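Enquirer: pasting a predicted model and its sequence here:
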Amino acid sequence: MNQKILVVDDDVDFQDATSTLLTAKGYEVITASNGEEGYAMAKLHTPSVMLLDVMMAHDSEGFDVARRIHEDPATNEIPIIMITGIRKAKSLPYTFDPDPDWLPVTIVLEKPVKPDVLLSAVSNVLKSSSTKK
Amino acid sequence: MRVFSLRAKILFFFLSAIIVFGSLTAVFGYRIIKSNVLKRAQKQVQYDIQTAKVVYNHELEKIVISFTSISDPHSAMQLKRKLGLDYVYSISVPANRPIASEIARAALSGNPCGGSRIIDSCELAGLGDSLAERSRIDIVPAPHSPLSARTTLTSALAIEYAQPFFNEKGVVTSILVGGKLLNRYFAMVDTIRNTIYGDRVYRDKPIGTVTIFLNDIRIATNVLTNNNKRALGTHVSSQVYNHVFIEGKSWLDRAFVVTDWYLTAYEPITDINKKPIGILYVGTIEKPFIDLIFHTLWQYCFIVGLITIVGSIVAFLLANSISKPLRHFAASVGNIAAGDMTHRVDVEMPVLEIKQLSESFNEMIAKLLQRERALTANNSELEILNERYLNLVGMVSHELKGILASAMLNACSVRDGYLGECTPVQKKSLDSVIRNLEYFDATVMNFLNLSRIEKGELSLSIRNILMREDIIDKSIDSFQSQADAKKMLIRNQVSRDCIVQADPSLLLIVVNNLLGNAIKYGTSASEIVIDSQQAPDTTTISVFSAGRPITDQESKKLFKRFSRIETNAETKKTRGTGIGLFLCKTIIENHGGTMGYKSDDTGNYFLFTLKNLRS
């Protein structure tokens, strides 16, 4: 069975680009355009990996979604790859270092992300998640 | 330097002027008054002695007039008492014994003769009438007196007249001699004094005195001793004696007479042979004149004192009237200086110049206030515009970054064959697209950083970082493909133990910009050298690229915002926003470091200096 990857991003073009790449690599991709939808999809589909944008409706929406997923027993096993375009670009009053309480994600990637970087991140996360299981 | 108030200064100078002027005029005034008063008094005494001489000589004239009317010398004998003479006698010629009187002897020639003479004690005894007794005067001892050896004066000074009488043949047959003794002849000295001074007294003392001396001894005087007795037998001072008696001159000066200082005149009394035999003295007491001088001086001082007091009051009022508006002015200026630009200096000043100054000052403040308000308004407007501009830059950049992210992912996915193999030509074309997207990304990042810096959002998260590992290597990784495209070799010579204090993400922006520029503007197929020089407290990182050296003219634009060097075709062709070096300089300066460049014939070095690891 193909592994399912959830892409949560309000930028439809980025959603498409990511989906195209991941699909071409044999993954099953589902998408959501905001945090609420992303959380619902995660609960519904329990994807193997979740690619999550940070800044959607508001600056730290991605943070909130990551915490909800982490806190919800139904979804807290889903590894999250956070993809942000704002870590270097905006002076935000918080850090982007993964932390179980503050930022419960596995990896943080910076936009624009190269395909090899993205694919290797996905593959690493999947590997470590299957090892855990 | 000690600082005094204007009021104190005006008062000080005003009072100093009054005191100096008052003192000088008092001193000179005293000298002038004294000199004038005493000179005038002395002059008066000079006239007085002349009057005294007239009265003295009148005594002789009285005898002459009496004798002229006498035809028989024997009848004259009876007139002795009537004439008030002390002695009258007749000498038959030729005489049967020597004639003692030189005046009588002189009359033998046939001419009447008169004058003063000294009659010795023998002759006095011969004249009878107890004249010797009457003339005797006890001498008060005085060491300086030439006659001090004697204790009693037995001779007498007389005014004498001799009249010859003739027979029918015109031969002198007899001489009539008459005289008046001056010893104790107080009526004469009192008459002289009354003639000159009347009965005026000063502090119970007659203001004038008259004396007749025989030799240097007072024989008739109204000078009184301390016991209020006539000072008979006392001496004239040796100084006056020498001047008048020995030298035969008049004396006109102040002199101490028995008990007081007098303004005096002394004239020698001479015999018919012009030999001094006595002195006639007139003097006026000096005290009234001295008192007059002091009285005048006191009056003068009183007036000066009064002027000083009035002057002080005037000076005080004047100083106040000048300094008060100035103090008020200074206080107002102080308010304005403290920031109250709406405050105005009171222009209702009593001093014209200060009023004008206040008006001008108010005008200046009004204009300043107007300018300040205009500037504030402009500033607010500029701040709003700047805020809008920065928000726009931030927003546009962020949007662009989103677009870039999907474009980059798509382009790379196609080029790298994830979506199916592409031909070498397609791949080459996609390489170009991706290079442009990378440049686009760097440009967008610079704009975002510029926006952060200008909004003041550039907060430093300083820590000790390994320069080579944390910064330089990462930057080289990012730019390796661009360097390869230009066949450039990047040589990293930065020491592995080089540790600086900096914000790593910001420092990476700096190095990325410098390395990016080195690739962009460096000569193709040349070498880029990144090096470090460590000093005890600082570390300098240099990025060298071979190429045309930057000129002095160009260097002025290097670190300015939106300023690009486009002096030649090569640089014009190269794309750039003109914010990279401005960002670098701002970031380095925010770290407390310095940023600069240097050139040589081979190329350009861009350098920045940071503080070393804190020990």
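Expert: Sure, I can see it.

Enquirer: host element of the residue nearest to the spatial centre of chain B?
Expert: In chain B, the centroid-proximal residue (CA atoms, centre = their mean) is residue B:13; its distance is 9.0 Å. Residue B:13 belongs to helix B:6-68 when elements are defined using DSSP states H and E.

Enquirer: and that helix, average pLDDT?
Expert: For helix B:6-68, the mean per-residue pLDDT is 86.

Enquirer: now do that helix: distance to the chain's middle.
Expert: Remark: helix B:6-68 is offset 38 Å from the chain centroid, using CA atoms, centre = their mean, to the nearest Å.

Enquirer: try stretch B:282-294
Expert: So, by CA atoms, centre = their mean, the centroid of stretch B:282-294 is 43 Å from its chain's centroid.

Enquirer: one more: stretch B:74-93?
Expert: Stretch B:74-93 has its C-alpha centroid displaced from the chain centroid by 86 Å (CA atoms, centre = their mean).

Enquirer: what about the strands in chain A?
Expert: Using DSSP state E, the strands found in chain A span residues A:4-8, A:28-32, A:49-53, A:80-84, A:107-110.

Enquirer: name the stretch among those that sits most buried.
Expert: strand A:49-53 (a mean of 27; mean count of other CB atoms under 10 Å in any protein chain shown). To be clear about C-beta, it is placed using only N, CA and C from the backbone, and glycine gets the same treatment.

Enquirer: partners of that strand, with directions?
Expert: Counting by DSSP bridges, the strands paired with strand A:49-53 are strand A:4-8 (parallel), strand A:80-84 (parallel).

Enquirer: contacts for the last one?
Expert: Put plainly, it is strand A:80-84. Applying CB atoms under 8 Å, 6 or more residues apart in numbering or on different chains, the external contacts of strand A:80-84 come out as A:9, A:49-55, A:62, A:66, A:69, A:96, A:103-111, A:113, A:118, A:121-122, A:125.

Enquirer: which pLDDT value goes with the most centrally placed residue in chain A?
Expert: When CA atoms, centre = their mean is applied to chain A, the residue found nearest the centroid is residue A:51 (2.0 Å). Residue A:51 is assigned a pLDDT of 93 by the prediction.

Enquirer: confirm residue B:267 sits in a strand?
Expert: Yes. According to DSSP: H, G, I helix; E, B strand; the rest coil, residue B:267 belongs to a strand.

Enquirer: that one contacts residue B:279, doesn't it?
Expert: Yes. In this structure, residue B:267 is within contact of residue B:279 by CB atoms under 8 Å, at 7.0 Å.

Enquirer: list residues touching both of those two?
Expert: If you check residue B:267 and residue B:279 against CB under 8 Å, 6+ apart, the residues they both contact are residue B:244.

Enquirer: so where's the stretch 51-200 of chain B shaky on pLDDT?
Expert: In the predicted model, the stretch 51-200 of chain B carries pLDDT under 70 at residues B:73, B:75-77, B:143-149.

Enquirer: before we move on, what about chain A?
Expert: Across chain A, the ranges flagged by pLDDT under 70 are A:1, A:59, A:86-97, A:100-102, A:132-133.

Enquirer: which of the residues in the biggest helix by length in it are buried?
Expert: When chain A is parsed with DSSP state H, its longest helix is helix A:115-132. Neighbour-count burial for helix A:115-132 flags A:115, A:118-119, A:121-122, A:125-126, A:129 (criterion: 16 or more other CB atoms under 10 Å in any protein chain shown).

Enquirer: how many residues are close by residue B:341?
Expert: Residue B:341 has 16 neighbouring residues, counting by other CB atoms under 10 Å in any protein chain shown.

Enquirer: contact partners for it?
Expert: By CB under 8 Å, 6+ apart, the contact list for residue B:341 reads B:365, B:368-369, B:372.

Enquirer: what's the neighbour count on residue B:99?
Expert: By other CB under 10 Å, the residues close to residue B:99 number 17.

Enquirer: how about the one 10 residues further on?
Expert: Summarising burial for residue B:109: neighbours were counted as other CB under 10 Å, giving 10.

Enquirer: neighbour-wise, which one of the contacts of residue B:341 leads?
Expert: Neighbour counts for the contacts of residue B:341 peak at residue B:365, which has 20 neighbours (criterion: other CB under 10 Å).

Enquirer: pretty sure that residue sits against residue B:344.
Expert: Yes. At 7.1 Å, residue B:365 and residue B:344 qualify as touching, with contact defined as CB under 8 Å.

Enquirer: can you name the residues of chain B that neighbour chain A?
Expert: Within chain B, the positions adjacent to chain A are B:394, B:397-398, B:401-410, B:412-413, B:416, B:418-420, B:437, B:441, B:444-445, B:448, B:452, B:455, B:457-459, B:505 by CB under 8 Å from any CB of the partner chain.

Enquirer: list buried residues within those residues.
Expert: B:394, B:397-398, B:401-410, B:412-413, B:416, B:418-419, B:437, B:441, B:444-445, B:448, B:452, B:458.

Enquirer: ramachandran angles for residue B:549?
Expert: phi -70, psi 150 (degrees, to the nearest 10).

Enquirer: ok, residue B:342 to chain A distance?
Expert: Residue B:342 is 40 Å from chain A, where distance means CB to the nearest CB, to the nearest Å.

Enquirer: mind listing what that residue touches?
Expert: For residue B:342, the contact set (CB under 8 Å, 6+ apart) comprises residue B:369.

Enquirer: repeat for the one 3 residues further on
Expert: Residue B:345 is in contact with B:328-329, B:332-333, B:336, B:358, B:361-362, B:365, counting by CB under 8 Å, 6+ apart.

Enquirer: most neighbours, which of these?
Expert: Going by other CB under 10 Å, residue B:358 tops the contacts of residue B:345 with 22 neighbours.

Enquirer: before we move on, which element is it in?
Expert: If you go by DSSP H and E, residue B:358 is part of helix B:352-415.

Enquirer: output the below-cut-off pLDDT ranges for the stretch 451-600 of chain B.
Expert: Filtered on pLDDT under 70, the stretch 451-600 of chain B yields the residue ranges B:458, B:562-577.

Enquirer: how close does the residue lying closest to residue A:60 once chain neighbours are set aside get to residue A:118?
Expert: Of all residues not flanking residue A:60 in the chain, residue A:54 sits nearest, at 6.7 Å (CB to CB, 6 or more residues apart in numbering or on different chains). Separation of residue A:54 from residue A:118 (CB to CB, to the nearest Å): 16 Å.
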